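**Q** Model the structure of this input:
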Amino acid sequence: MGLFGFGKNKDSKEIKTTAEEKGSAPNEGNSTSNEADPASNEVTSAASTRGSGSDEALSEGQSYYFLGIESQENGDDAAAQQFFTQSAQTGYAPAQFQLGLIYENGTSAQEPDKAEAIKWYKLAADQDDAAAQFNLGYIYYNDPEHRKEGLDRIQKAAASGDEAAQEFLDSVKSLVEKKIQEEGEAARRKVLLKKLMTRNELFFTYSTLTQHPFVEADTAAKAKRVFIFTSEVAAHAKASELASQKMPATTVRYLKKDYLNIFGELYTLGVNSLRINDGGEEYDPYLYELVRRRDFSDVPSDKRPVDNPDLQFSMLSYMQEFRRDTDDSEKDEVYRQNLDRSMVDSMVSARYLIAFRQTPEDPSGKTQYIVMSNNSSGTSFVPVFTDNIEYHRFKNQFAKDTDLQLMAAGFGNMAKMTLPEEVKGFLINPMTTAVPLPQEYMTKVSGQKKI
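**A** Predicted coordinates:
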């Protein structure tokens, strides 16, 4: 076979029938008429008894060719190659094609030789052998320097009726059309996004359960998206749709001056895609097509800003579902049995920001954690943050005039921290998702995962 299965091997029976019609096939029933010594240039066949000149040369070429086919069918590659060579040297195109196949694909005893394959394919193609023309064209097509010649030869083979060549041209045409379509769509989307960023306002669908943009995961498309509208009416319609599914949502308006901030924040939430509704027309660009995130790969790990996009997205997804309008017993059951594994894994691998203060009056110099109380249960937690944006949300509302310091800590270290007696654990991002993280649970998970 040719490269990637496009090349083809001629059917020996079909060729033999053609030879018999010309009166040059070996005598049937003569058991010795097709025997030959591979090391000899002599052939004993009906064809060898014909007259001299061009007819004799043609007969000799065909005879060697059929012996090559027979040897090939018997699994004797060496003999087949020798017979095909003897036939090809007489100018017989089918044998030249067979030699091209042998050199292109190699044998158990011989490595492929592209230069020899090209040589024999070309000799056969010059005699209008369509299969050889296609295989030669395919080799050239896969060489960027000879692609045009390759395509020309494949087109010529297709025009001669070679089905494999036509199939290849159809596939190339399909790929070209697809590429043109994709490039056209990319150019169109680029224009739409540029236009989007010039609008004076945009409307985001927000979840009132998380105080963040409503998120949706599309596993098939590997998309983690949010919903953006150019029309406030359309945005309200989306919020109403979600509310009907017991997922309370609202519409938040952003002005042009805020675009870079909100789109940049989406990275910290683990969002990578946008569902944009522009006057009823929807399209799904990637976030990077609007804004690029700063690359911190060249910054030492301990100097990089703390952020946890995977944890943020999994918390948003889970809390949107967990906090839906269901009764408490159902919530407890959901929480016990369906705690999202990706969220737990993200929690364990995350680094958190913890706010604290040290007062000069305290002779012990112990770290004083900020403590928050849950109004409904009276349970106290230490607030922790997935990133600086979440920390500043908290500080601006509860500790604007307080001199706080920040430290980064991992899940395992937090599980071992000595907290005030009334404190049960940590509260992740108290201003938005507010996910509780009891220290008892952390100790259990740390033991299971050997952190």
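**Q** so where's the stretch 201-350 of the chain uncertain?
**A** Along the stretch 201-350 of the chain, the parts satisfying pLDDT under 70 run over 326-340.
**Q** if you set the cut-off to 90 instead, what comes out?
**A** 219-221, 245-246, 279-281, 292-304, 318-345 (pLDDT under 90).
**Q** now residue 372: how far from residue 322?
**A** Noted for residue 372: a distance of 20 Å to residue 322, by C-beta to C-beta, to the nearest Å. Backbone N, C-alpha and C define where each C-beta goes, glycine included.
**Q** ah, wrong one, I meant residue 155
**A** Using C-beta to C-beta, we find residue 155 at a distance of 62 Å from residue 322.
**Q** likewise residue 139?
**A** The separation that residue 139 has from residue 322, given C-beta to C-beta, amounts to 60 Å.
**Q** mind listing what residue 344 touches?
**A** In this structure, residue 344 makes contact with residue 445, judged by C-beta atoms under 8 Å, 6 or more residues apart in numbering.
**Q** Give me the secondary structure label for it.
**A** Under the three-state scheme (DSSP: H, G, I helix; E, B strand; the rest coil), residue 344 adopts helix.
**Q** what are the ranges of the helices in the stretch 101-250 of the chain?
**A** Shown for the stretch 101-250 of the chain, the helices assigned by DSSP state H, counting those that start in this stretch span residues 114-125, 130-141, 147-159, 163-197, 232-244.
**Q** Pick the most buried one from these.
**A** With neighbours taken as mean count of other C-beta atoms under 10 Å, these reach their highest mean count in helix 130-141, at a mean of 26.
**Q** can you list contacts of it?
**A** Under C-beta under 8 Å, 6+ apart, the answer for helix 130-141 is 2-3, 6-8, 10, 93, 96-97, 100-101, 104, 114, 117-118, 120-122, 124-125, 146-147, 149-158, 160-162, 164-165, 168.
**Q** That one to helix 163-197, inter-axis angle?
**A** Our comparison of helix 130-141 with helix 163-197, counting by axes from the mean of the first three to the mean of the last three C-alpha atoms, to 10 degrees, yields an angle of 30 degrees.
**Q** Where do the domain boundaries of the chain fall?
**A** When the chain is parsed with automatic domain parsing, its domains come out as 3-171, 199-289, 349-449.
**Q** Now distance to residue 343 too, for the ones you listed, in a markdown table please.
**A** Written out in a markdown table, the entries for these read as follows (distance: least, C-beta to C-beta, whole Å):
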| stretch | distance to residue 343 |
| --- | --- |
| domain 3-171 | 44 |
| domain 199-289 | 11 |
| domain 349-449 | 8 |
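**Q** Please name whichever of the ones you listed is nearest to residue 184.
**A** Using C-beta to C-beta as the measure, domain 199-289 is the one of the domains of the chain that comes nearest residue 184, at 13.3 Å.
**Q** May I have the distance across the closest one, first residue to last?
**A** In domain 199-289, first residue to last residue: 17 Å (C-alpha to C-alpha, to the nearest Å).
**Q** Next, residue 256: phi, psi?
**A** phi -50, psi -40 (degrees, to the nearest 10).
**Q** in stretch 430-437, what's buried?
**A** Of all the residues in stretch 430-437, those buried under the rule 16 or more other C-beta atoms under 10 Å are 430, 431, 432, 433, 434, 435, 437.
**Q** Max pairwise distance over these: which two?
**A** The widest separation within the buried residues of stretch 430-437 (C-beta to C-beta) is 15.6 Å, between 431 and 437.
**Q** Next step: the buried residues of stretch 430-437 restricted to helices.
**A** For these, not one is inside helices, with DSSP state H as the criterion.
**Q** would you turn the residues you listed into a markdown table with distance to residue 132 and pLDDT?
**A** Listed next are those as a markdown table, based on distance: C-beta to C-beta, whole Å; pLDDT from 0 to 100:
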| residue | distance to residue 132 | pLDDT |
| --- | --- | --- |
| 430 | 75 | 93 |
| 431 | 73 | 94 |
| 432 | 69 | 94 |
| 433 | 67 | 93 |
| 434 | 73 | 91 |
| 435 | 69 | 91 |
| 437 | 71 | 91 |
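**Q** quick one: residue 280 from residue 230, how far?
**A** Separation of residue 280 from residue 230 (C-beta to C-beta): 10 Å.
**Q** next one: residue 176
**A** Separation of residue 176 from residue 230 (C-beta to C-beta): 34 Å.
**Q** And residue 269, by the same measure?
**A** 21 Å.
**Q** Settle it for me: which of these two has more neighbours?
**A** Neighbours around residue 269 and residue 230, counted as other C-beta atoms under 10 Å, are more numerous at residue 269. The numbers are 25 against 18.
**Q** My read is that that one contacts residue 215, right?
**A** Yes - the pair residue 269 and residue 215 qualifies as a contact (C-beta atoms under 8 Å) at a distance of 7.1 Å.
**Q** where do the helices sit along the stretch 301-450 of the chain?
**A** 309-322, 328-337, 341-349, 388-398, 411-416, 439-449.
**Q** Out of those, which one sits most buried?
**A** helix 309-322 (a mean of 22).
**Q** Taking helix 341-349 as reference, get the angle to that helix.
**A** Comparing the axes of helix 309-322 and helix 341-349 via the same axes, to 10 degrees yields an angle of 140 degrees.
**Q** Quick check: closest non-adjacent residue to residue 98.
**A** In space, not counting the residues next to it along the chain, residue 98 is nearest to residue 84; the distance is 4.7 Å by C-beta to C-beta, 6 or more residues apart in numbering.
**Q** Show the contacting residues for that neighbour.
**A** Counting by C-beta under 8 Å, 6+ apart, residue 84 makes contact with 64, 65, 68, 95, 98, 99, 102.
**Q** If we use 7 Å, what do you get?
**A** Contact criterion C-beta atoms under 7 Å, 6 or more residues apart in numbering gives 65, 68, 95, 98, 99 as the residues in contact with residue 84.
**Q** buried subset of these?
**A** Among the contacts of residue 84, those classed as buried by 16+ other C-beta under 10 Å are 65, 68, 95, 98, 99.
**Q** Filter these down to the ones in helices?
**A** Of the positions in the buried ones among the contacts of residue 84, 65, 68, 95, 98, 99 sit in helices, assigned by DSSP H.
**Q** Could you report the distance from the first one to residue 345?
**A** Read it as residue 65. From residue 65 to residue 345 the distance is 66 Å (C-beta to C-beta).
**Q** before we move on, back to that, identify, from the contacts of residue 84, the entry nearest to residue 207.
**A** Distance ranking of these against residue 207, using C-beta to C-beta, places residue 98 first at 68.7 Å.
**Q** so what pLDDT did that closest one get?
**A** At residue 98, the model reports a pLDDT of 95.
**Q** For it, give its distance to residue 64.
**A** Using C-beta to C-beta, which is the criterion applied here, residue 98 is 11 Å from residue 64.
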